[in-house]
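Q: 3D, please:
(one chain, ligands or ions: 2)
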Amino acid sequence: MKIPSFAIGIAGGTGAGKTTVSRTVAETVGEAVTRIPLDNYYEDLSHLTFEEREAVNYDHPSAFEWELLRDQLNALLTGQPIEMPQYDFEVHNRADERVTVEPSDVIVLEGILALHDEAIRDMLDLRVYVMTDADVRILRRIERDVIERDRDLEGVMDQYLETVKPMHEKFVAPTKKHADVIIPEGANRMAIDLLTEKVEAELSDGPTRDDPDRELTFDGPTTD
Ligand SMILES: Nc1ncnc2c1ncn2[C@@H]1O[C@H](COP(=O)(O)OP(=O)(O)O)[C@@H](O)[C@H]1O
Ligand SMILES: Nc1ccn([C@@H]2O[C@H](COP(=O)(O)O)[C@@H](O)[C@H]2O)c(=O)n1
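A: Ligands and ions are numbered 1, 2, ... in the order given. This next block holds a predicted model:
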């Protein structure tokens, strides 16, 4: 196994297509890829009632347990297994069980604020932002939240206007400037093929992060 692993961050607004991109890359490349959904690092809110949890702003950076994510991402990248928390959207809280995640050659961190935290950004080798128009994203989100997350239409609309949209503009969209690659629309075949090729090239005995030749093989400028 490569140590440190090759780390990719995939950020973008709700409904942009982040999960679709990371799942497709992981399925195409196979077992060498481990997905880390940022949602699993929402703070444990067991001390609040369901009604209080319903009212939380889940699009503000303070909703996430960044320290745990930094520690666990660092552990995985350096070859150690983690006990990853799980998230239950229906009850707005962390689930009781954790899942053991083994280190792997490629780690994909995926979530609205995957490029928000500077220390996390520094751990990533490739930073991706999935950019999809807001009207498309809200339509996708309504469908998903009602069908998969047990939400009602009115609640999804209120949440979107009260927190999701303003937080997207304030915290999510500005992280685009940290991206090495911007993917339009999510399930964009060409972009996914290029991303998959990049991952496969990293797996096929490319230079590691500590290799002085690595800079020479990097195929895009960073904005940091
Ligand atoms: N390019 C695309 N065209 C059409 N539907 C898409 C595309 N990308 C993603 N989707 C669909 O949009 C919905 C939201 O995508 P998802 O990957 O879950 O977004 P995110 O993880 O960014 O919230 C899913 O139902 C997915 O199948
Ligand atoms: N209890 C929760 C926790 C989060 N959300 C919303 O999930 C969105 C992030 O997930 P995506 O797959 O859409 O990127 C985020 O916009 C939160 O508003 C929620 O509704 N309830």
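
Q: how about the strand or helix carrying residue 69: buried residues?
A: In this assignment (DSSP states H and E), residue 69 forms part of helix 66-77. For helix 66-77, the buried set under the neighbour-count rule, 16 or more other C-beta atoms under 10 Å, comprises 66, 68, 69, 70, 72, 73, 76, 77. Any C-beta I mention is one placed from the backbone N, CA and C, and that applies to glycine too.

Q: so what's the nearest residue to the third one once chain neighbours are set aside up against?
A: The reference is to residue 69. Excluding the flanking residues, the one nearest residue 69 by C-beta to C-beta, 6 or more residues apart in numbering is residue 41, at 4.5 Å. Residues counted as contacts of residue 41 (C-beta atoms under 8 Å, 6 or more residues apart in numbering) are 64, 65, 66, 68, 69, 85, 111.

Q: what's the closest of these to ligand 2?
A: Closest approach to ligand 2 among those (C-beta to the nearest ligand atom): residue 111, at 6.0 Å.

Q: make sure that closest one is actually in contact with residue 19.
A: No. Counting by C-beta atoms under 8 Å, no contact exists between residue 111 and residue 19, whose distance comes to 9.1 Å.

Q: residues that sit against both of those two, list them.
A: residue 37.

Q: just the strands in the protein please.
A: Secondary structure of the chain (DSSP state E): strands located at 6-12, 33-37, 82-88, 93-101, 106-110, 126-131, 181-184.

Q: what's the most buried one of these?
A: Ranked by mean neighbour count, these are led by strand 6-12 with a mean of 27 (mean count of other C-beta atoms under 10 Å).
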